[in-house]
Each structure stands twice: as C-alpha cells, then as structure tokens.
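Colleague: for reference, the sequence and a predicted model appear below.
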Amino acid sequence: MIPYGRQHITQADIQAVSDVLKSDFLTQGPTIPRFEQAIAQRVGAGHGVALNSATSALHVACLALGLGPGDVLWTSPITFVASANCALYCGAQVDFVDIEPDTFTMSPRHLEEKLRHAAQNNCLPKVIVPVHMCGQSCDMAAIGALAKAYNIRVIEDASHAIGGLYQNQPVGACAHSDITIFSFHPVKIITTAEGGMALTNSADLARHMARLRSHGITRDPAEMTHQPDGPWYYQQIELGMNYRMTDMQAALGLSQLERLDEYVTRRNVLAERYDRLLADLPLDLPGRLADARSAFHLYVIRLRDHTLHRAVFEGLRAAGIGVNLHYIPVHLQPYYTRMGFAAGDFEAAEHYYQRAISLPLFAVMTEAEQDEVVQVLRQLLHG
C-alpha cells in the first residue's frame, strides 16, 4: 500500500528523543522553549506556544481572544472539524464561508458579502478562522483587510502549511492575523508525533495561551491576587486545561525542523511532477495563488465527472493506492446538521466534495511510487 501520507523519522530524530529520555526532564523541561523559539524564529513571529495538538492550540487561541457564549466564529466548510469545534468548546456559535473553487481556501468575495449582510443584521463574527487547505495559504491580505475593517480577530489555521510562503513571507508570521496555528501530526510536513503550536506577535496573547495550556495556573506574582505565600506558591487564576507538549515531542520537532526546507521543496517537486503527468486526464489539478508557495501537505485532484468519484476512489484503494478525501464539508456532519446546516448551504464546498480525491504525497515518496499512482488512476479513468 502506498499511503496518502507518511512521516520520515531519521536516526538523528531517534537520537534527539533518546537524549531527552536520558535527561532530567521528560515533560516540562528546557527543550519546549527551545522548540517554541526555533519555530517562531523560523517563521518570523514574535512568540510560539507549544501544545499537545493543533486542536488544543485552536481552543486556547479562541479563549485568549475572548471568544465565548453569545459570540460567533466563521471558518471554512472544507477543513477538519477541529477548525469549527474550537468555537463550540468556548460556548460560541459557528458559521461558514464558502471556498475558492481552485485553491479550496476561504473565498474573500464570499467573506465580504457575508460580512456586509452580517453588519446590516448586527450579527458579525468575533473571530474568523481561514484554513490554509493542503498547505496553500488563503489570500490573507484580502481577508485581513476585511477583518480589520469590521474589527474582527483572525486565527490562521495553518495546520497544513508550515514551510509555505505568502507574499514572500513565511506562513506563521501573523502579518494579517492575531494568531497562527501549526500541526505536527505524523502526516503533516514535520512531526512531533502529536503536537501543535500557536504563533503570535502579541506577548499578552502568548502569555495567556501558555497559562491556559497548563490549568490556568500562574507562578508570576504580577498575575496573582496577592503576594505569594512563599517560593512554592502558585495560583489558578482562570479555568485552563492540560494541553502541554512534552520535552520528548519538542526534541523530535527540533530535529525535524532542520529538514523543513528539504521536505517542502521535495513536496513541491512531486506536486509539479503530478501536474505534468496528470495534465491530459479528465480532472482538475490543484490551483495556486500567484504570490504564494504551498507547503503541499496534500495534493487534491477533482474529477470532472462526479459520477465516477466513488468507483475511482475504490479502484485506487483496491490497487494498493492509499487515497483519502480531505474533507467532508463540516456543515454536512450530523452534529452540525442538527444545528440547522443543510445540503445546499455552501455550493462550492459541496461541489468540491463530490469530486475530490487526495493522492499520495509525502517527502520520501519515490518517483516509481508516483508513477504507480498515476498509472492506476489513468487506467481507471480510461478503462
């Protein structure tokens, strides 16, 4: 089976984790801040806050921005459910903005129209979460300008996009957002096994998210309600969670980070090769923004004849090609249809879902493996 994604673990990665296992700290030690600083420096952000998953990072980001009951968060319907669920964790409501057909990312045109209507009805969102689908940045200049005009906070869900570029800046610099989220799940660009990080240029937001990830507890006397009882003293000043990353995970992340550019370059080479090999088939290839470089976490094709969708998907799987579908539109999930969402709400997202297939793509994929994927796909489409 050729999987749709696969981590790449080297002897250097194993050694980095082994070194932590032999050290005095397994969980909350010195490797975590080193990893946070390294990621922040790599993308040009002021601060990084490491967490045990990108889902946790989305949750604390929403809390740090004050999202709560009575508020609304808007995100893309084509994403993993965590991009929407983070609002529900805070007691807020969720709505969606349809996607661009070619890049599968939040449409600035749809966003502008929806914001105009929301302003007229006094129901603007508090937070917008654009999703950098497949590693391709959203048009963040346009989205950021709209958010600024309507006084809305922005969280970039860049779970797919570390190593990507937008307007010659690394994704994660937060040039058009308050907070950016990365994922380090094994099939992402680099991995910490499980893990995520929130990037921000606000020291206050960084401190708040760091406190929320650790039970809402502080040891900083400046944040306490009274002077410490002694050097042992701490206070829980708000309700937080245990969302902490371990030193072992951070060590793996630091080691993987050394190969980030290599991985993204290889993914782009393979994506461009797919473009050439698939150009004559009856399908649409993933689009790119002219002023961005995708990290290419995923390579998603769309069949022009949607009636072939299931047969082609199942045929690829039967031939040992581990294709997947990213993603089922969130608004069509039963949990969300019970809130009132229904088929027909977001036309572009639903059109995408009826045709999309994620082909295998990972940094150590060989050209022979890629040729096999293309050969099987070609046979299924041409009979």
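Modeller: That came through fine. Residues are numbered from 1 along each chain as shown.

Colleague: centroid-nearest residue for the chain?
Modeller: With distances taken as CA atoms, centre = their mean, the residue of the chain nearest its centroid is Ser159 (1.8 Å).

Colleague: assign that one to helix, strand or coil.
Modeller: coil (DSSP: H, G, I helix; E, B strand; the rest coil).

Colleague: so what's it closest to, chain neighbours aside?
Modeller: Ser183 (3.6 Å; CB to CB, 6 or more residues apart in numbering). In this view, the C-beta of every residue, glycine as well, is placed from N, C-alpha and C.

Colleague: pLDDT weak spots in the stretch 251-383 of the chain?
Modeller: Within the stretch 251-383 of the chain, the stretches with pLDDT under 70 are 383.

Colleague: how about the helices in it?
Modeller: Taking DSSP state H, counting those that start in this stretch, the helices of the stretch 251-383 of the chain run over residues 260-278, 309-318, 334-337, 347-353, 367-382.

Colleague: in the third one, which residues are buried?
Modeller: With burial defined by 16 or more other CB atoms under 10 Å, the residues of helix 334-337 counted as buried are Tyr336.

Colleague: cool, and the fourth one?
Modeller: The neighbour-count criterion (16+ other CB under 10 Å) identifies Ala348, Ala349, Glu350, Tyr352, Tyr353 as the buried residues of helix 347-353.

Colleague: quick one: which of the residues you listed is nearest Ala92?
Modeller: Relative to Ala92, the closest of the buried residues of helix 347-353 is Ala349; by CB to CB it sits at 21.1 Å.

Colleague: not counting sequence-adjacent ones, nearest residue to that closest one?
Modeller: Beyond its immediate neighbours in the sequence, the residue positioned closest to Ala349 (CB to CB, 6+ apart) is Pro77, lying 4.1 Å away.

Colleague: what pLDDT does the residue nearest to the centre of the chain get?
Modeller: Note on Ser159: pLDDT of 98.

Colleague: residues in contact with it?
Modeller: Residues near Ser159 by CB atoms under 8 Å, 6 or more residues apart in numbering: Ala54, Phe80, Val131, His132, Ile181, Phe182, Ser183, His185, Lys188, Gly196.

Colleague: what distance do you get for it to Arg304?
Modeller: Note on Ser159: its distance to Arg304, by CB to CB, to the nearest Å, is 29 Å.

Colleague: kindly report the same for Asp71.
Modeller: Distance, Asp71 to Arg304, by CB to CB: 40 Å.

Colleague: neighbour count: those two, which is higher?
Modeller: Between Asp71 and Arg304, Asp71 has the larger neighbour count (other CB atoms under 10 Å), namely 18 against 12.

Colleague: so what does the more buried one have for phi and psi?
Modeller: Here is the backbone geometry of Asp71 (degrees, to the nearest 10): phi -100, psi 170.

Colleague: same deal with Ile179?
Modeller: Backbone torsions of Ile179, given as degrees, to the nearest 10, read phi -150, psi 140.

Colleague: the one 4 residues further on too?
Modeller: Note on Ser183: backbone dihedrals following degrees, to the nearest 10 are phi -120, psi 140.

Colleague: do the one 10 residues further on as well
Modeller: Ala193 adopts backbone torsions of phi 80, psi -80, taken as degrees, to the nearest 10.

Colleague: if I pick the residue nearest to Ala349, what's in contact with it?
Modeller: Phe96, Asp98, Ile99, Pro329, Val330, His331, Leu332, Asp345, Phe346, Ala349.

Colleague: before we move on, what SS does it have?
Modeller: Quick answer, by three-state DSSP: Pro77 is coil.

Colleague: what does the pLDDT read for it?
Modeller: Predicted confidence (pLDDT) for Pro77: 98.

Colleague: and it, how far from Val187?
Modeller: 22 Å.

Colleague: tell me the bridge partners for Thr75.
Modeller: Phe96, Val129 (DSSP bridges).

Colleague: just give the number of residues close to it.
Modeller: Thr75, neighbours per other CB under 10 Å, totals 27.

Colleague: isn't His59 up against Met241?
Modeller: Yes. With contact defined as CB atoms under 8 Å, His59 and Met241 form a contacting pair (7.4 Å).

Colleague: out of those two, which sits in the busier spot?
Modeller: Neighbour comparison, His59 and Met241: the larger count goes to His59, with 26 against 17 (by other CB under 10 Å).

Colleague: ok, of the contacts of Ser159, which one's closest to Arg273?
Modeller: Minimum distance to Arg273 across the contacts of Ser159 is 21.0 Å, recorded for Lys188 (CB to CB).

Colleague: what's the closest non-adjacent residue to the closest one?
Modeller: Nearest non-adjacent residue to Lys188, counting by CB to CB, 6+ apart: His297, 6.0 Å away.

Colleague: can you verify my assumption that the one you found contacts Gly135?
Modeller: Yes. Counting by CB under 8 Å, Gly135 is a contact partner of His297 at 4.1 Å.

Colleague: give me the common contacts of the two.
Modeller: With CB under 8 Å, 6+ apart, His297 and Gly135 have common neighbours His160, Ala161, Ile189, Arg267.
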